[in-house]
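> Got a predicted structure plus its sequence, pasted below:
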Amino acid sequence: MKVLKLLEREYLSIIEGSQNHVISLDGHYEMNDSILLSTEGHEDSLAKITSKTEFKSIEEVFNVLPLDLFGNFTSQKEAIEFYSSLISGEKYYVYRVKYDSDTYHELLDDQLIKLIDMNSITKNNIGHSVCEVLEVKLKNGSDAILKVQFMTGRNSLSDEYERLTWLKAHEINSPSVYYFNRINDVEYLLMEKIVGLPAFKYSGLCYKLGKELRKIHDLYRFNPSFTNNSTDELLKQVLNKIDSILPQIFEMYPDFTRDSVIQFMIDNKPENDVLVHGDYSLPNLLVDKCEKIGFIDLGDVSVSSKYFDFFYFVKSLKRNKKIDELPDFMRGYGIDEFDPVIMKWMEIMDIIIY
């Protein structure tokens, strides 16, 4: 197994949950690699690489990524000076690390504690969430999911709380919210546990998954206000980060230049807005014994191009070796073919998604 050597400060921050990104000169780790986190004086800990991005300088890292993903720095200047004094190279690789452990952090919300059976808590390490995900039972015996978020991600749990409430009001089979609170920069979201197994465990469901996605997209008619993944916002992020992601773009499309990438993204910004799930992938679609579909991980629900969901669903089919079922999905949704230009736009946009 690959070993990722860390500074003690990084190692301890990851273990305690206040950091999930690290900077390295070593580029041989890849997304979904299982690794051991190692530092002098501490036992190695199992983790997984969940993203990889290449940068040309330490300054560029902190101009692109939020400071609090790297632990308890008080300013961008402090973080840059800290890393610049320790590492120097022509390329810098930033890895997002998901630390897997059966232990969980102490719950600091007295109201929350009154709602759950504290002896029932188990940690769920499945998925790439930046949150700590716990399976719990309520005092009445009902199964529930508790998410705890210590650091800023692309969204906060308050975003997910708002979206869950809205979706439930529009009769989408999504978790009911039992409790939400924020204490000392820690967010707690207690919600219903949707019954079912992830869709990747089934075959022959893609026609139904296409129909279900169409139902979510059609909620656009109710004028939702969520715009975190709007095509305008996505384009803005790509243009702001263009210099840091060019190496990955050139690797996929060698004929591009910096200027032609920018022009391509501007000229081909999708306009076909719907309400998107935001991570329409097989692990986030739960199937019960009656083949009823439930939706989870809804913090990225937003008004955006329908191709946002198309792209990530296709990516999930490939990852789970079910791409042969794509025609069934397309029939269920009611689309004959994907626009290759927009799918290419989404592939470039995907580089900046965290």
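Sure, I can see it. Numbers count the residues shown, from 1 in each chain.
> only C-alpha atoms for contact and neighbour calcs from this point on.
OK.
> quick one, what contacts the residue nearest to residue 48 when sequence neighbours are not counted?
Once flanking residues are discounted, residue 48 sits nearest to residue 34: 4.5 Å by Cα to Cα, 6 or more residues apart in numbering. By Cα atoms under 8 Å, 6 or more residues apart in numbering, residue 34 lies in contact with 1, 2, 46, 47, 48, 49.
> Can you classify the third one by secondary structure?
Classification of residue 46 into helix, strand or coil gives strand, according to DSSP: H, G, I helix; E, B strand; the rest coil.
> gap between it and residue 16?
14 Å (Cα to Cα, to the nearest Å).
> Name the residue in those two with the higher neighbour count.
residue 46 (16 against 13; other Cα atoms under 10 Å).
> is that one in a bridge, and if so with what?
Here residue 46 sits in beta bridges with residue 36, as judged by DSSP bridges.
> wait, isn't it in contact with residue 99?
Yes: counting by Cα atoms under 8 Å, residue 99 is a contact partner of residue 46 at 6.6 Å.
> Quick one: list the elements packing against the lowest-mean-pLDDT helix or strand in the chain.
Ranked by mean pLDDT, DSSP states H and E, the weakest helix or strand in the chain is strand 122-124, scoring a mean of 82. Here strand 122-124 touches strand 132-137, going by 3 or more Cα pairs under 8 Å, 6 or more residues apart in numbering; DSSP states H and E.
> I'd like the next helix or strand past the strand it packs on.
Next along the chain after strand 132-137, taking DSSP states H and E as the criterion, comes strand 143-149.
> what is the rounded mean pLDDT of that next one?
On average, the pLDDT along strand 143-149 is 94.
> Just checking: what are the partner strands of that strand?
By DSSP bridges, strand 143-149 pairs with strand 132-137 (antiparallel), strand 186-192 (antiparallel).
> ok, and what's touching the last one?
Residues from elsewhere that reach strand 186-192, judged by Cα under 8 Å, 6+ apart: 143-151, 156-158, 161, 175-182.
> before we move on, back to that, for the strands paired with strand 143-149, which has the smallest mean pLDDT value?
When I compare the strands paired with strand 143-149, strand 132-137 is least confident, with a mean of 92.
> Using CSV, write out every CA atom in that strand.
This file holds the C-alpha atoms of strand 132-137, laid out as CSV (Å, rounded to 0.1, in the frame of the first residue of the first chain):
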residue,chain,number,x,y,z
GLU,A,132,-18.4,12.9,9.4
VAL,A,133,-21.3,10.6,8.7
LEU,A,134,-22.8,8.6,11.6
GLU,A,135,-25.6,6.0,11.7
VAL,A,136,-27.7,6.4,14.8
LYS,A,137,-31.0,5.5,16.3
